[in-house]
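Enquirer: Okay, here's the prediction I keep looking at, along with the sequence it came from:
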Amino acid sequence: MQLLARGWTSAAARREVGISRSGAANWRRGYKVYRDGVVVGFVPPLDPLTVSPISPRFLSQQERLEIADLRRAGLGVRAIAAKLGRSPSTVSRERTRNGRSDGQYRPFEAHHRAAMRRRRPRPARWSTTPALKEFLIEHLRQRWSPQQIAREARVRFPHNPTMWLCPESIYQAIYAPGSPLTRRAVRPPERSPLRTGRDHRRAHRRLEQRRHRFTAPGLSIHERPFPPEDRSHVGDWEGDLIVGPGHRSAIGTLVERHTRFVKLIHLPGQDSRALRDAIIDELASLPAQLRTSIT
């Protein structure tokens with residue numbers, strides 16, 4: 001977390017620390033705990049407050065390590081405070097507030113407790129405003145996206161900022177473990193109120209790390225040999241796909257741009273390979289001058 005705060009990439013930081021990619025992802029985003037295929041818990045991500053720089057008025061993690069070492073060496077409160085350059089009351093309160101009930105003092109655990117106390121979390125606005133919560137649930141049931149809900153809230157309540165939410169706040173409310181906005185599941189894809197069915201935040205790759213969708217580079221639609229408004233040349237086709245309800249049937253279409261002649265293609269399978277082979281076979285039966293290009 002310290003390396004990330006200093007601007008390191010996630011890959012460089014995990015290599016420096018010596019952990020795996022999945023371990024770094026779990027530390028940053030948290031992870032679910034499964035038992036017999038059922039989610040039984042959620043381990044939250046590491047809190048940035050534990051490593052973020054704080055005012056020198058407060059004890060740092062290094063000072064807490066020194067307190068533990070000096071206490072183990074047998075020094076008293078006043079001697080420890082003199083070596084740290086702190087007030088004896090500061091050291092005494094630190095041991096009382098962040099130490100264990102059995103008298104033990106563990107510096108990393110104490111630093112984490114102090115950071116969590118400094119966090120001061122507040123409840124989300126939607127959870128404390130019943131009208132806003134009902135507004136969210138109503139529109140999520142209608143399969144509205146968070147962007148649409150955020151815009152509709154500002155249009156519906158232009159003079160009531162307490163009813164406004166940004167799309168990111170809605171996503172966080174949906175992805176929160178045990179969120180009341182999650183719909184009761186009939187089957188696993190229906191657990192999320194989002195149209196995508198996603199119930200967790202998807203990891204994003206950097207632009208240079210993204211995998212190409214196709215193995216062979218395709219031609220852009222902007223590279224076609226004619227302007228979009230030109231329909232004077234015969235032999236330029238536009239292809240499309242019509243999918244039936246439930247993805248149980250599909251029909252390919254080819255439209256000739258000049259004559260507007262339409263060819264319907266029967267597809268034996270509902271996949272890209274079947275569509276590609278059917279279009280190749282259909283165009284191969286045409287004269288060469290009538291198959292100049294296809295978009």
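Expert: Okay, I see it.
Enquirer: which secondary structure element contains the residue nearest the centre of the chain?
Expert: The chain has R201 as the residue nearest its centroid, 3.0 Å off, counting by C-alpha atoms, centre = their mean. For R201, there is no host helix or strand (DSSP states H and E).
Enquirer: show me the contacts for it.
Expert: Residues near R201 by C-beta atoms under 8 Å, 6 or more residues apart in numbering: R29, Y171, Y175. Where C-beta positions appear, they are placed from N, C-alpha and C, glycine not excepted.
Enquirer: change it to 7 Å
Expert: By C-beta atoms under 7 Å, 6 or more residues apart in numbering, the residues touching R201 are R29, Y175.
Enquirer: Give me the pLDDT value at it.
Expert: pLDDT, R201: 74.
Enquirer: From L65, how far off is it?
Expert: Distance of R201 to L65, given as C-beta to C-beta, to the nearest Å: 34 Å.
Enquirer: Then S179?
Expert: From S179 over to L65 the distance is 38 Å, taken as C-beta to C-beta.
Enquirer: again, but for S87
Expert: With distances taken as C-beta to C-beta, S87 is found 19 Å from L65.
Enquirer: Look at those two and report which has more neighbours.
Expert: Taking other C-beta atoms under 10 Å, S87 and L65 do not tie; L65 has more neighbours (14 against 11).
Enquirer: Show the subsequent helix or strand relative to whichever strand or helix holds the more buried one.
Expert: Assigned by DSSP H and E, L65 falls within helix 61-72. Using DSSP H and E, the helix or strand that follows helix 61-72 in sequence is helix 77-84.
Enquirer: could you give the angle of that following helix to helix 61-72?
Expert: 140 degrees (axes from the mean of the first three to the mean of the last three C-alpha atoms, to 10 degrees).
Enquirer: so how far is helix 77-84 off the chain centroid?
Expert: On the basis of C-alpha atoms, centre = their mean, to the nearest Å, helix 77-84 sits 46 Å off its chain's mean C-alpha point.
Enquirer: residues contacting A13?
Expert: L3, L4.
Enquirer: got the buried residues for the helix or strand encompassing it?
Expert: For A13, the element it lies in under DSSP H and E is helix 10-17. Across helix 10-17, burial judged by 16 or more other C-beta atoms under 10 Å covers S10, A13, R14.
Enquirer: so where do the helices sit in the stretch 1-150 of the chain?
Expert: Along the stretch 1-150 of the chain, counting by DSSP state H, counting those that start in this stretch, helices occupy 2-5, 10-17, 21-29, 61-72, 77-84, 88-98, 107-119, 125-128, 130-141, 146-156.
Enquirer: export the ones you listed to a markdown table and tack on mean pLDDT?
Expert: Formatted as a markdown table, those follow (pLDDT from 0 to 100):
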| stretch | mean pLDDT |
| --- | --- |
| helix 2-5 | 73 |
| helix 10-17 | 83 |
| helix 21-29 | 82 |
| helix 61-72 | 91 |
| helix 77-84 | 93 |
| helix 88-98 | 91 |
| helix 107-119 | 83 |
| helix 125-128 | 89 |
| helix 130-141 | 92 |
| helix 146-156 | 94 |
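Enquirer: Redo those as JSON lines? Include distance to L165.
Expert: Formatted as JSON lines, those follow (distance: least, C-beta to C-beta, whole Å):
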{"stretch": "helix 2-5", "distance to L165": "28"}
{"stretch": "helix 10-17", "distance to L165": "29"}
{"stretch": "helix 21-29", "distance to L165": "22"}
{"stretch": "helix 61-72", "distance to L165": "36"}
{"stretch": "helix 77-84", "distance to L165": "45"}
{"stretch": "helix 88-98", "distance to L165": "36"}
{"stretch": "helix 107-119", "distance to L165": "22"}
{"stretch": "helix 125-128", "distance to L165": "6"}
{"stretch": "helix 130-141", "distance to L165": "7"}
{"stretch": "helix 146-156", "distance to L165": "6"}
